[in-house]
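> Turn this into a model:
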Amino acid sequence: MRTDEPLPEVGDVLAVLATGVWRWDTAAGEVVVDAEAARLLGLPAHRTNLTEARVRARLHPVDWNEITGVVRLAAAEGTLAEVRVRVMDERGHVVRVVRSRSRPSFDPVRKTYQLVGTLQEVTDPMPGTPAGRSTVTGDWRRSREAFLLDAGRALAEARSTEEVMRVAAGLSMPGFSPAALAVFGVSGDRLTVLGHHGQPQNEAGPFVDMSLDADYPATEVIRTGRAVYLSSPEEYRSRFPSTWPLAERFNRRSWAFLPLIAGGRTMGAWLAAFTHPVAFTPDERSVLTTVARMLAQALSRAGAAETQRELTDGLQRSMLPVLGPEIPGMGVAARYVPTGGGLQVGGDWYDMIPLPGGRFALVIGDVQGHDVRAAGLMGQVRIALRAYASEGHRPDAVLARASHFFHGLSQSDDDPGDLRFATCYYAEVDPATGTVESARAGHLDPVVRMADGTALILATAGGLPLGIDPESDYPTTRFALEPGDTLMLCTDGLVETGGHDLQTGWHRLRVVMEEHEGGLEELADALVQAVYGPSSHHTTGPLADRREDDIALLLLCRQSEECGCGESTVARPAVRRTMLTVAQTEPARIAYARWHLRDLLHDWPDEEQRDAAVLLLSEMLTNVLVHTDTDALLVAEVSGEPGERRIRVEVTDNGDDLPHRRRPGEMASSGRGLMLIELLADAWGVAPRGEGKSIWFEVYESPAPEDGPAGGPGSGSAAA
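Residues are numbered from 1 along each chain as shown. Modelled structure (predicted):
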């Protein structure tokens with residue numbers, strides 16, 4: 001070329017040198033190649049735009065992964081990205097080896113790469129030879145370590161044999177990925193196939209039930225605990241002539257059989273088969289041996305986990321009862337949710353026990369702890385409760401006997417420092433009347449959702465948890481479920497999970513109970529979902545370090561035409577009613593009664609009226625306990641539509657003396673009860689009963705009608 005002649009175009013020079021140019025934009029997912037680059041990739045020789053997927057299909061998968069890694073490293077270091085890749089045809093055969101050199105740039109805003117590079121065919125030894133696997137980047141050891149780290153992480157996260165096999169099938173070893181994999185196990189004196197990849201599913205038949213004495217590489221590995229490497233078909237045929245016909249039809253060129261050893265025991269063998277000759281250099285054997293060790297550990301963990309899951313699932317199915325046949329007029333739903341980790345069944349339980357006369361008992365409880373011992377104690381105390389209930393004992397006697405029984409179990413344990421207790425709530429239900437008679441041993445109080453949707457905690461009498469004091473007494477509480485009411489019994493896991501305490505956890509559940517309008521089963525799911533569902537992550541309680549716990553849940557609905565939890569709901573009635581007993585021996589329950597009424601009026605708009613109603617109730621109950629020797633029965637009712645509602649509170653006792661007005665002196669400590677009622681109530685009165693009397697008052701959300709109930713303000717003496 002003379003100096004006065006113009007220089008040739010760059011593209012012409014590259015074409016003469018058999019060098020192609022390509023441009024890759026990861027943001028667009030597009031690769032632009034010129035004619036020479038297209039030819040080197042095995043495509044028609046003209047400039048074209050290709051998708052990443054189409055280019056990836058033309059390259060060996062291991063080399064594609066290496067390209068992406070080298071590009072990231074070169075962009076970070078500001079150097080050239082240079083790598084050698086194998087170009088494949090449609091049948092997966094290597095047609096040529098090309099070298100790519102490029103300078104990538106990284107866009108930190110879009111998090112994408114752009115690079116322009118060259119492709120040039122290079123002379124390379126036959127695939128499978130050591131020289132054939134030496135890349136221009138030259139960092140074989142770094143690629144191997146990165147592969148082993150990724151493989152170890154993936155196998156460590158596998159939780160079942162199926163997941164382990166799926167991970168093993170996806171392993172892509174640097175430079176010599178196998179075309180087929182198989183994992184063999186041992187059953188007695190026979191070889192089994194746990195899983196395989198890379199060959200048709202129906203081709204594993206001859207290997208499924210092979211004797212361990214057979215002349216087969218996998219059986220020799222299991223017998224001796226030493227790996228077998230076969231670099232060529234000739235070597236396979238000479239060492240294992242009797243089983244060579246079984247392997248010949250798969251058209252493989254090299255095989256590696258490695259022992260799977262866990263806990264010093266050979267539990268199986270791993271096969272990696274290659275479509276090209278592999279020399280099995282020390283580096284390659286080191287990678288294969290390391291993968292085999294990780295695979296054995298993963299299979300051992302997965303097998304132990306599956307055995308534990310099978311054991312705990314069977315234990316859970318045997319210990320948790322199936323709810324009995326349908327009860328006329330009643331609906332029942334139950335849930336048991338084990339905690340997230342460890343044993344999938346703990347000390348929580350529920351039960352439904354049929355009793356004579358059509359009655360039945362509901363039981364819910366929680367044995368301290370979340371381990372095998374707690375599950376065993378739970379099973380024993382549940383059986384004991386069933387036995388005592390079947391003998392016809394009342395709720396207090398059932399819990400007293402169960403406490404004595406449980407105390408004996410704890411005392412007889414081999415470890416006296418690990419004494420356990422159990423909380424329990426036992427309730428006998430009469431479906432005909434809706435009457436519930438219950439006893440409580442340190443457990444949570446029940447919750448009632450009334451027909452109008454209002455949810456209240458019922459303050460019930462209780463004693464110590466089971467097993468603490470064998471001589472404990474368990475007083476009973478009687479209440480009635482009105483038509484449309486739903487009773488909820490649960491363990492503390494439903495309330496306190498998610499960092500909540502009893503108060504904040506109850507407020508979270510109350511919203512669900514009062515707003516839910518579906519069936520009983522849907523309500524049970526909604527309550528569990530509020531604790532473990534996605535919404536629970538946005539309502540984390542103040543006790544973030546609280547340990548999660550099991551959940552046991554029982555729902556009982558006294559059905560009616562206006563039931564708020566039926567399959568097809570109608571408008572809920574505008575009436576809410578509750579009852580509570582205050583015994584002479586339990587004056588502290590007056591505080592429970594005040595709290596109970598305030599909870600009943602939680603949506604009453606006038607705070608002064610709400611406080612007045614609570615004050616009058618306290619005066620009435622105190623009057624019964626001070627001036628009579630009988631118990632007091634409280635009945636509170638809220639009726640009417642919002643804006644026109646009425647509070648009616650009635651206290652009944654068996655005393656014969658009717659209340660009367662007195663004129664207390666300035667320093668007197670009593671005698672002002674009726675004066676307060678006259679001042680604060682819109683209506684009140686005293687009604688004699690066959691045995692005893694009842695005193696009542698009413699407060700109106702709006703001004704009382706002129707023809708309001710008899711016994712309005714100023715008429716107390718006539719009513720008395």
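
> Out of the helices and strands in the chain, which is least certain?
One helix or strand of the chain scores below all others by mean pLDDT, DSSP states H and E: helix 716-719, with a mean of 35.

> Tell me where the stretch 151-300 of the chain is predicted with low confidence.
Within the stretch 151-300 of the chain, the ranges that satisfy pLDDT under 70 run 169, 172-176, 198-207, 282.

> Break down it into its strands, ranges please.
In the stretch 151-300 of the chain, the segments counted as strands under DSSP state E, counting those that start in this stretch are 180-187, 190-197, 210-211, 228-230, 254-262, 265-274.

> Let me have these in JSON lines, adding distance to residue 475 and mean neighbour count as columns.
No exception for glycine: its C-beta is placed from N, CA and C like everyone else's. Shown next, in JSON lines, are the strands of the stretch 151-300 of the chain (distance: least, CB to CB, whole Å; neighbours: other CB atoms under 10 Å):
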{"stretch": "strand 180-187", "distance to residue 475": "60", "mean neighbour count": "20"}
{"stretch": "strand 190-197", "distance to residue 475": "60", "mean neighbour count": "18"}
{"stretch": "strand 210-211", "distance to residue 475": "70", "mean neighbour count": "14"}
{"stretch": "strand 228-230", "distance to residue 475": "76", "mean neighbour count": "21"}
{"stretch": "strand 254-262", "distance to residue 475": "57", "mean neighbour count": "23"}
{"stretch": "strand 265-274", "distance to residue 475": "59", "mean neighbour count": "22"}
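
> Of those, give the one that comes closest to residue 587.
When the strands of the stretch 151-300 of the chain are compared by CB to CB, strand 254-262 sits nearest residue 587, at 66.7 Å.

> residue boundaries of the strands in the stretch 401-550 of the chain?
With DSSP E, counting those that start in this stretch as the criterion, the stretch 401-550 of the chain has strands spanning 422-430, 435-441, 447-449, 455-457, 462-463, 476-480, 486-490.

> Need the residues that contact the fifth one.
Taking CB atoms under 8 Å, 6 or more residues apart in numbering as the criterion, the residues outside strand 462-463 that touch it are 399, 439-443, 472-475.

> circling back: now mean pLDDT and mean neighbour count too, for the strands of the stretch 401-550 of the chain, in a markdown table please.
Output for the strands of the stretch 401-550 of the chain, formatted as a markdown table (pLDDT from 0 to 100; neighbours: other CB atoms under 10 Å):
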| stretch | mean pLDDT | mean neighbour count |
| --- | --- | --- |
| strand 422-430 | 94 | 25 |
| strand 435-441 | 93 | 23 |
| strand 447-449 | 92 | 22 |
| strand 455-457 | 89 | 20 |
| strand 462-463 | 89 | 20 |
| strand 476-480 | 86 | 18 |
| strand 486-490 | 94 | 25 |
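
> quick one, helices of the stretch 301-450 of the chain?
372-390, 395-411 (DSSP state H, counting those that start in this stretch).

> what inclination does the longest one have with respect to helix 395-411?
Regarding helix 372-390 and helix 395-411, their directions subtend 150 degrees when assessed with axes from the mean of the first three to the mean of the last three CA atoms, to 10 degrees.

> tell me what helix 372-390 is packed against?
helix 282-319, strand 348-354, strand 360-367, helix 395-411, strand 422-430 (3 or more CB pairs under 8 Å, 6 or more residues apart in numbering; DSSP states H and E).

> In JSON lines, list the ones you listed along with distance to residue 597.
Below are the helices and strands packed on helix 372-390 laid out as JSON lines (distance: least, CB to CB, whole Å):
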{"stretch": "helix 282-319", "distance to residue 597": "40"}
{"stretch": "strand 348-354", "distance to residue 597": "30"}
{"stretch": "strand 360-367", "distance to residue 597": "26"}
{"stretch": "helix 395-411", "distance to residue 597": "26"}
{"stretch": "strand 422-430", "distance to residue 597": "23"}
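
> thinking again about what came up before, select, out of the helices of the stretch 301-450 of the chain, the one closest to residue 486.
helix 395-411 (20.6 Å).

> Identify the residues contacting the closest one?
Helix 395-411 is contacted by residues 361, 377, 380-381, 384-385, 388-389, 393, 419-422, 424, 426-428, 437-441, 463-464, 466-476 when judged by CB under 8 Å, 6+ apart.

> most tightly surrounded among the helices of the stretch 301-450 of the chain?
Counting by mean count of other CB atoms under 10 Å, helix 395-411 has the highest mean neighbour count of the helices of the stretch 301-450 of the chain, with a mean of 21.

> tell me the secondary structure for residue 578?
strand (DSSP: H, G, I helix; E, B strand; the rest coil).

> where's it relative to residue 601, distance?
11 Å (CB to CB, to the nearest Å).

> Parallel or antiparallel, list what pairs with the top strand by length along the chain.
The strand spanning the most residues in the chain, taking DSSP state E as the definition, is strand 94-107. Sheet pairing of strand 94-107 (DSSP bridges) gives strand 81-88 (antiparallel), strand 112-121 (antiparallel).

> Would you indicate which residues of it are buried?
If you call a residue buried by 16 or more other CB atoms under 10 Å, then strand 94-107 has these buried ones: 94, 96-100, 102, 104, 106.

> And these, which is closest to residue 267?
Looking across the buried residues of strand 94-107 and measuring by CB to CB, the closest to residue 267 is residue 94, at 36.2 Å.

> how close does that closest one sit to residue 86?
Distance from residue 94 to residue 86, by CB to CB: 5 Å.

> got it, and residue 356?
Applying CB to CB to residue 356 and residue 86 gives a distance of 82 Å.

> Check residue 636 too.
From residue 636 to residue 86 the distance is 84 Å (CB to CB).

> can you check residue 616 too?
To residue 86, residue 616 is 91 Å away according to CB to CB.

> between these two, which one's more packed in?
residue 616 (24 against 20; other CB atoms under 10 Å).

> re the thing from before, in JSON lines, list the strands of the stretch 401-550 of the chain along with distance to residue 273.
Listed next are the strands of the stretch 401-550 of the chain as JSON lines, based on distance: least, CB to CB, whole Å:
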{"stretch": "strand 422-430", "distance to residue 273": "58"}
{"stretch": "strand 435-441", "distance to residue 273": "64"}
{"stretch": "strand 447-449", "distance to residue 273": "63"}
{"stretch": "strand 455-457", "distance to residue 273": "65"}
{"stretch": "strand 462-463", "distance to residue 273": "69"}
{"stretch": "strand 476-480", "distance to residue 273": "73"}
{"stretch": "strand 486-490", "distance to residue 273": "56"}
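
> closest to residue 504 out of these?
strand 455-457 (13.9 Å).

> list the helices and strands that closest one packs on?
Strand 455-457 is packed against strand 447-449, helix 502-515, helix 589-600, with contacts defined by 3+ CB pairs under 8 Å, 6+ apart.

> so which of the ones you listed is the most packed in?
Taking mean count of other CB under 10 Å, strand 447-449 is the most buried of the helices and strands packed on strand 455-457, at a mean of 22.

> what comes into contact with that one?
With CB under 8 Å, 6+ apart, strand 447-449 has contacts from 455-458, 479, 481, 485-488, 490, 509, 513-514, 564-565, 578.

> What are the boundaries of the helices in the stretch 101-250 of the chain?
With helices called from DSSP H, counting those that start in this stretch, the stretch 101-250 of the chain shows them at 140-157, 161-169, 205-208, 217-224, 233-239, 244-248.
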